[in-house]
Structure formats: C-alpha cells, structure tokens
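Engineer: 3D model of this:
(chains A, B and C)
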Amino acid sequence: MPELPEVETIRLGLERHVLGKRVEEVVIHSARAVRKLADPAALEDDFSGRRIEEVARRGKFLWFALGGAPTAFVVHLGMSGQLLVHDTAPRELPRHTAVTVVLDGGAILFVDQRTFGYVHSSPLVETPDGLPAGTGTRLSALPALASHIARDPLDPHLDLDAVVARMGRTSSAIKRVLLDQRYVSGIGNIYADETLWHARVHPATSANQLSPEDLGRVVRTAAEVMGAAVRLGGTSFDAMYVNAEGQSGYFARELRAYGRTGGPCARCSTPLIRQVLGGRSTHLCPRCQISEQRAQWIGSGP
DNA sequence: CCCGGATCCTGCTGGC
DNA sequence: TGCCAGCAGGATCCGG
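Structural biologist: Residues are numbered from 1 along each chain as shown, chains lettered A, B, ... in the order given. Predicted coordinates:
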C-alpha cells in the first residue's frame, strides 16, 4: 500500500511522538514479520535501553537510528503495513499486530494485514557519495538492507542528471522503470500512474525513446506529485492506510488517473482506460498520453 | 538484457 | 445467502 508520501507522512508523525524516547522492549507477535532476521532476538539485544535519535526514510524504507546501537531498526511496510503510535501502553492490540516496540511512555505498533512488510536490524553502511542517506537523517549512513535502492525524488541530494542518464540506457517501459527502486525510489503504482498522466507520457513508452529532457521532466513531475501528496497526508482509500496517529490522508481526491477507469480525463475529457503493464493495473488517458513513436508519426504527418 | 508471470499473504467486492 | 474469481497501494525471483 504505502508509497513515498504515505511513508513520509508516517515518518513525520513518528518524529513528533517518539524522538528521544527509550526503547524498553521489542515484542514479536508474528514470526513472519522478522523473517529477514537470522536471530529475531537481535531486535531486543540491539535496541532495548537505547534512545531514538532519528526517524529516517529513503523511498519506502523507514528506519530508526538509536544512540549507541550497532544497527538501525528498519521497517518496510510492504502492501499493508502500518506504524501506529500510542502515547500510553495499548491495553488491547489491533488485529494483525506483528511487532510492538514498547517505549518509556507509549509504544509503536507494527500492524500488517497482508504480511509483506517486515522489521529488521540492519548494519549501517556509508553512502557512496558521503551525503546524508535520506530524509530525516543527518548521517551518511544507510541500512545495508536498503543500500540497493536509489535516492527518491524528494531527496535534495538526488543526482537528477545521473538518474536520467541511467534511465536513458534502458528500453524498459517508463512505468516499469519508475517502479524499479534502483533508478529512483519511493514511487509505487499510484504515483507512477499519476506522474505519467501529469507528464503526458504513455506508460509503455521505452525509457530510451524519451529525451533526457522528457526523462528529467518525468522525475521532476514525480517529485511535484508526491510532494503535494505529502502535504495532504498521503492517499487513503480505506482504513488500510492511516498515519502514525491513525488518521487518513486526503490525496485520493487529487488523483487524476489511478482508479479512475472510464472517468473523464481532467484535461481533455476522454474516458480514461486501464491496461495491465508489468503485471500492474495501469490507468491512463489514451489521448493525452500517446506513445513517443506515435507522437513522432503524428508530428511528421501531412 | 528484457519481459511476463508467479509468488509470498489476507480480505474485500462483485457476479452468478 | 453462499461461493468463488479477481483484485489490492510491494518486491523478488525465475524461465524463456
């Protein structure tokens, strides 16, 4: 479920509530949630007794840096993960609660219905560029678990030219490239469709058919769309996505493509269509978002 | 290299 | 009312 704007909204909420608090205990309710750990007891060993100094994020990865800890406490929310903050110890756990982090005053609950999410204790590795690793951290240290993903469009240290150059070397469909966290991270199915609608690019266009200018525009559009979504608290369709305080976001009403099959394009009123691309539902305007080849063909017509 | 498909899960919706 | 297929915001692996 959660893409960059939702994870960032959650991160902001956590920052407000848990910075400086001390971890007293990590309770694992679901073995599956710690499947990445060879030894689940590491969570307790690595973090209990330590204070939360940073709540950081890159793309859809979120992590806590704790004073003196050898590793970072990493959370990936998968399709349905939630992080809920309680300022007092919860007396009853929500269904699908997988992990509880008990704090000195309150708790953080990791709740995950579809169980694709996980928590981990991951060593911090230096970023290749020596710059801060993501949003919410001053450290140039990234959890090893997240070191394979690129910076995200809202990261001030994103090297746009380098990203564009890499994208221009693949013939994969631009939507697939946007979803590939190794080029640029944080974009999921909703924001990929929204970005391409705003940028007027057909999702199936090969990335190497787009000019560097177009690719740059696509990435900047992704940043604009996701920035606007963060300001509205993310996209909530139902209770599956809520922020750390249990509240919904309001970006769903701003969606122009995602989930609007058959509805009128906000630019040209043409009914939007749905296609499957890269195994994912893809929503687009068949008139505004023409493929590059077709654009050239039309442009060269009589 | 590139693509499509399957896979890991649970739960909801819509059609019959 | 019940059942079942299909679908869901992620990520990864495999075969062709």
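Engineer: what element comes up after the strand or helix carrying A:M226 heading to the C-terminus?
Structural biologist: Following DSSP states H and E, the helix or strand that holds A:M226 is helix A:212-231. Later in the chain than helix A:212-231, the nearest helix or strand by DSSP H and E is strand A:273-277.
Engineer: How far off centre is the following helix or strand past that following strand?
Structural biologist: Read in the C-terminal direction, the helix or strand following strand A:273-277 is strand A:280-284, with elements assigned using DSSP H and E. With Cα atoms, centre = their mean, to the nearest Å as the basis, the distance from the averaged C-alpha position of strand A:280-284 to the chain average is 18 Å.
Engineer: got it, and stretch A:276-293?
Structural biologist: Put simply, stretch A:276-293 sits 22 Å off its chain's centre (Cα atoms, centre = their mean).
Engineer: now that stretch: mean pLDDT?
Structural biologist: Confidence over stretch A:276-293, taken as the mean pLDDT, stands at 87.
Engineer: And DNA strand C, is it touching that?
Structural biologist: Yes. Contact between stretch A:276-293 and DNA strand C, assessed by Cβ under 7 Å from any atom of the strand, occurs at A:279-281. Heads up, the C-betas are built off the backbone N, CA and C, glycines and all.
Engineer: coming back round to it: which residues outside the helix holding A:M226 are in contact with it?
Structural biologist: Outside helix A:212-231, the residues within contact range by Cβ atoms under 8 Å, 6 or more residues apart in numbering are A:3-5, A:8-9, A:153-154, A:160-161, A:163-165, A:167-168, A:174, A:178, A:184, A:186-187, A:191, A:194-196, A:198-199, A:201, A:207, A:210, A:235, A:249, A:251, A:254, A:292.
Engineer: which residues touch the residue in chain A that DNA strand C sits nearest to?
Structural biologist: Taking Cβ to the nearest atom of the strand as the measure, chain A has A:G188 as its residue closest to DNA strand C, at 1.8 Å. A:G188 sits next to A:2-4, A:60, A:179 when contact means Cβ under 8 Å, 6+ apart.
Engineer: do the same with A:A56
Structural biologist: For A:A56, the residues meeting the contact criterion (Cβ under 8 Å, 6+ apart) are A:11, A:62-65, A:72, A:133-137, A:139.
Engineer: for it, helix, strand, or coil?
Structural biologist: With DSSP: H, G, I helix; E, B strand; the rest coil as the basis, A:A56 sits in strand.
Engineer: Tell me the bridge partners for it.
Structural biologist: In this structure, A:A56 has the following beta-bridge partners (DSSP bridges): A:W63.
Engineer: As a markdown table, the contacts of A:G188 with secondary structure, distance to A:Y258 and neighbour count would be great.
Structural biologist: Formatted as a markdown table, the contacts of A:G188 follow (DSSP: H, G, I helix; E, B strand; the rest coil; distance: Cβ to Cβ, whole Å; neighbours: other Cβ atoms under 10 Å):
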| residue | secondary structure | distance to A:Y258 | neighbour count |
| --- | --- | --- | --- |
| A:P2 | coil | 14 | 26 |
| A:E3 | coil | 11 | 24 |
| A:L4 | helix | 14 | 30 |
| A:K60 | coil | 17 | 25 |
| A:L179 | helix | 13 | 21 |
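Engineer: between those residues, which is closest to A:F47?
Structural biologist: For A:F47, the nearest member of these is A:K60. The distance, counting by Cβ to Cβ, is 21.4 Å.
Engineer: Just the buried residues of the lengthiest strand in chain A, please?
Structural biologist: Among the elements of type strand in chain A, defined by DSSP state E, the one spanning the most residues is strand A:118-126. Of the residues in strand A:118-126, those with enough neighbours to count as buried (16 or more other Cβ atoms under 10 Å) are A:118-122, A:124-125.
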